[in-house]
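**Student:** no sequence for this one, just the structure:
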């Protein structure tokens, strides 16, 4: 099996897990630790990612610790407008509203922990011919 499962470093792991559950309907696949000393594997649909405390095992910094972010995560959803609205209702900040661009229906948010997310779906067959 081959796949990519990003790990998001956060300052408040327990709150982050609760946010991703509320915002994206994430479910916890695996979790060790407690409080903010948690490492957890979450899934949204078939897509898995990890949440862990920044700085727990060396120089790992949350976006809040560095005052910015070094990347963006694309969350592909069947109903991106609904997921975008759900994420904002759960506490995310809209960076750009949902719109059709580059062959996708897309919107961008920042989660309460500083991570940038793009929520969308292709408007037609992907990748294009």
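**Tutor:** Done, it's in. The model shown is predicted, which means the values in this text are computed figures rather than measured ones.
**Student:** for the chain, what spans make up the strands?
**Tutor:** Along the chain, the stretches classed as strands by DSSP state E are 7-10, 27-34, 37-44, 47-53, 72-76, 93-101, 104-110, 116-122.
**Student:** Reformat these into TSV and put mean neighbour count next to each item.
**Tutor:** (Each C-beta comes from the backbone N, C-alpha and C, glycine too.) Shown next, in TSV, are the strands of the chain (neighbours: other C-beta atoms under 10 Å):
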stretch	mean neighbour count
strand 7-10	20
strand 27-34	12
strand 37-44	18
strand 47-53	20
strand 72-76	16
strand 93-101	13
strand 104-110	20
strand 116-122	20
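**Student:** where does the chain have its least confident helix or strand?
**Tutor:** Every helix and strand in the chain was compared by mean pLDDT, DSSP states H and E; the lowest is helix 63-66, with a mean of 87.
**Student:** before we move on, back to that, output the strands of the chain in JSON lines, with mean pLDDT and distance to residue 83 appended to each entry.
**Tutor:** Formatted as JSON lines, the strands of the chain follow (pLDDT from 0 to 100; distance: least, C-beta to C-beta, whole Å):
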{"stretch": "strand 7-10", "mean pLDDT": "94", "distance to residue 83": "17"}
{"stretch": "strand 27-34", "mean pLDDT": "96", "distance to residue 83": "15"}
{"stretch": "strand 37-44", "mean pLDDT": "96", "distance to residue 83": "9"}
{"stretch": "strand 47-53", "mean pLDDT": "95", "distance to residue 83": "12"}
{"stretch": "strand 72-76", "mean pLDDT": "95", "distance to residue 83": "7"}
{"stretch": "strand 93-101", "mean pLDDT": "97", "distance to residue 83": "10"}
{"stretch": "strand 104-110", "mean pLDDT": "98", "distance to residue 83": "9"}
{"stretch": "strand 116-122", "mean pLDDT": "97", "distance to residue 83": "5"}
